[in-house]
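In: How does the following fold in three dimensions:
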Amino acid sequence: MKKYDAIFIGAGLGSLSAAGKLVHSGKKVLVIDQHYVIGGCASTFRRKKFIFDAAVHLMGGCEEGGLIENFLSSLGLNQKINFIEINPMYVASIGEDRYSIPSNLYELEEKMCEWFPDEKEGIKQVISKIIRIGGLLLQVSSTQTQEEVARKEIIKELSGIRNVSFTEFLERYLNNPKAISVLSTLFLYAGESPDELSAQYIISVLMSYHNGAFYPKGSTQAFANLLGDYIKANGSDIVLRRKVEKIRMSNGQVTGIIDHKGNEYYSDVIVSNADMKSTYMDLLGEEHLSSLYKKKFERLTPSCSAIVLYAGIKDDDNWSKNIPHELFVFPQHVHHNPHYLYHPQEKSVTPMSICCPSHVDPSLAPPEHAIVTVTALCNYDEIENIRLERGKDFLLDDFLNRIEMQLPGFKERIVLHELATPSTILRYTRNQNGAMYGWSKVKEQPWLAKMGPKSPVKGLYFTGHWTNNIHGVYGVIKSGLMTSQQIINDVG
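Out: Next comes the predicted model:
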């Protein structure tokens, strides 16, 4: 019988980072995933000579001394991957206006004051608060040291925005709707309208990019593979194309897992990087949860899903040079817009992200070609019902027409494409309703403080974007580090 010190369900970055730290401490682990490749949302797929990132466009924390760079350094891997800094982080197109948004919040403050001189005082106040509160949320400080008195003041400020939306937070300091819109544009990375989005959550997202936004050379898969190779090179195992069917239990303690082929793997520590609801209800069994915990858990709602077009385009005339690494497209106002989700019946401009990573990494596309990935948030049921009733081609044609309005000439340049709808995301991730961001980040959502890394079941842990208010690659790596440390604290 082969027994591991820990078994990880799912090979996303939350698992890979936690597994890497445990392996570094001398543990033998197993990472198991239903997919044919590791990385989860940070994986890629190839179509002919085009390489597409599944979901990740940018990463924070890769600068020297940053969270991810420090993590890689601790494993001796920081010199084995190259992160390309993206500046501006993205360009926001709002109505007829375009704004180049830097990742550094002090630089953003300077630009905002140029764009909206009448709001100068409010802009300085709001950026200062974002840096102070964000630094506390991420447990970092913009000044290296943080006096205890100042920390208490920031905690008080933090409590003052609990259950407050980002729009409400910004309207305390700003009057110009366009200024509020510009500061709200990163909501596409959070999956909720700024009017409903938790101010605490999006502030932590903004702060995670404060010291730079980066793209890993060779695609996000290169980053995942770096961690996977480290795990295997140090005596642990990664098993792919295996769907976990059951978590084994004995006397209130996890003891292992069973995959879809009936293979059994044993460990007293199971870490799920998968959908939390599926883990509890399908793999474990709700009978192992207390009625109180189950009641609180069932109140949580998942985030929205997305529709994504992956396109390889002909670019022999360098047409794509006018597309930045990432372009966010919005109607005239970003906030107070109830139509932020894609729907074919909605005729106004669809908020969308248009990403062209081959600008900074030409190896992703063949010569004289480029990669363009377009993402719009959507509701699972609405889009899948339309797909069922009218067909996937109807959605494709409608989405292409909307993209063409923003990028005239785009359609005629396409040489290959793939369209992912929410059911595609569900199939590859097993996330309920094809959720893109784990639990919904709305202001009313119960604070997820008890959603990982520990669970109420002995030996069961969680990591990744279904844990407490985690965001993006920065967040899932941080989650993985927290989970590995919790396991070391608990079991040695």
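In: Residue 483 touches residue 462, doesn't it?
Out: Yes - Residue 483 lies in contact with residue 462 (Cβ atoms under 8 Å); the separation is 7.1 Å. C-betas here are computed from N, CA, C, even on glycine.
In: Mutual contacts of those two, please.
Out: Common contacts of residue 483 and residue 462 (Cβ atoms under 8 Å, 6 or more residues apart in numbering): 271, 452-453.
In: before we move on, back to that, so residue 483 and residue 462 - more neighbours on which side?
Out: For residue 483 against residue 462, the residue with the higher neighbour count under other Cβ atoms under 10 Å is residue 483, and the figures read 30 against 25.
In: Which secondary structure state is assigned to the more buried one?
Out: At residue 483, secondary structure determined by DSSP: H, G, I helix; E, B strand; the rest coil is helix.
In: what's the spacing between it and residue 207?
Out: With distances taken as Cβ to Cβ, to the nearest Å, residue 483 is found 21 Å from residue 207.
In: same deal with residue 244?
Out: Counting by Cβ to Cβ, the gap from residue 244 to residue 207 is 35 Å.
In: swap in residue 80?
Out: Taking Cβ to Cβ as the criterion, residue 80 is separated from residue 207 by 27 Å.
In: Compare these two (neighbour count), which wins?
Out: Counting neighbours by other Cβ under 10 Å for residue 80 and for residue 207 shows that residue 207 has the greater number, 23 against 12.
In: Just the element for the more buried one, please.
Out: helix 199-208 (DSSP states H and E).
In: Show me what that helix is in contact with.
Out: For helix 199-208, contacts defined as Cβ under 8 Å, 6+ apart pick out 60-61, 105, 130-131, 133-135, 137-138, 140, 158, 161-162, 164-166, 168-169, 186-187, 189-190, 194, 441, 443, 469, 471-472, 474-475.
In: can you count the residues close to residue 348?
Out: 9.
In: mind listing what it touches?
Out: Shown in contact with residue 348 (Cβ under 8 Å, 6+ apart): 331, 339.
In: So it belongs to a strand, correct?
Out: No - secondary structure assignment (three-state DSSP) places residue 348 in coil, not in a strand.
In: coming back round to it: following the helix holding residue 207, which helix or strand comes up?
Out: Following helix 199-208 in sequence order, the next helix or strand is strand 213-216 (DSSP H and E).
In: what lines up beside that following strand in the sheet?
Out: Paired neighbours of strand 213-216 in the sheet (DSSP bridges): strand 59-60 (antiparallel), strand 83-85 (antiparallel).
In: Quick one: closest of the ones you listed to residue 431.
Out: In terms of Cβ to Cβ, the element of the strands paired with strand 213-216 nearest to residue 431 is strand 59-60, at 20.4 Å.
In: Can you give me the neighbour number for the closest residue to residue 382 other than its chain neighbours?
Out: Leaving aside its sequence neighbours, residue 382 sits nearest to residue 343 (Cβ to Cβ, 6 or more residues apart in numbering; 6.1 Å). By the measure other Cβ under 10 Å, the count of residues near residue 343 is 16.
In: ok, residue 343 - contacts?
Out: When the contact criterion is Cβ under 8 Å, 6+ apart, the partners of residue 343 are 378-379, 382-383.
In: Which ones among those map onto helices?
Out: Assigned to helices by DSSP state H, the following of the contacts of residue 343 qualify: 382-383.
In: and the contacts of residue 343 as JSON lines, adding distance to residue 260?
Out: Listed next are the contacts of residue 343 as JSON lines, based on distance: Cβ to Cβ, whole Å:
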{"residue": "378", "distance to residue 260": "30"}
{"residue": "379", "distance to residue 260": "30"}
{"residue": "382", "distance to residue 260": "31"}
{"residue": "383", "distance to residue 260": "28"}
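In: For residue 298, state which of the contacts of residue 343 is nearest.
Out: residue 379 (20.2 Å).
In: can you pull the contacts of the residue nearest to the closest one when sequence neighbours are not counted?
Out: The spatial neighbour of residue 379 that comes closest, neighbours along the chain excluded (Cβ to Cβ, 6+ apart), is residue 341 at 5.7 Å. Counting by Cβ under 8 Å, 6+ apart, residue 341 touches 304, 376-379, 382.
In: Adding distance to residue 122, write the residues you listed out as CSV.
Out: Listed next are the contacts of residue 341 as CSV, based on distance: Cβ to Cβ, whole Å:
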residue, distance to residue 122
304, 30
376, 31
377, 28
378, 33
379, 34
382, 37
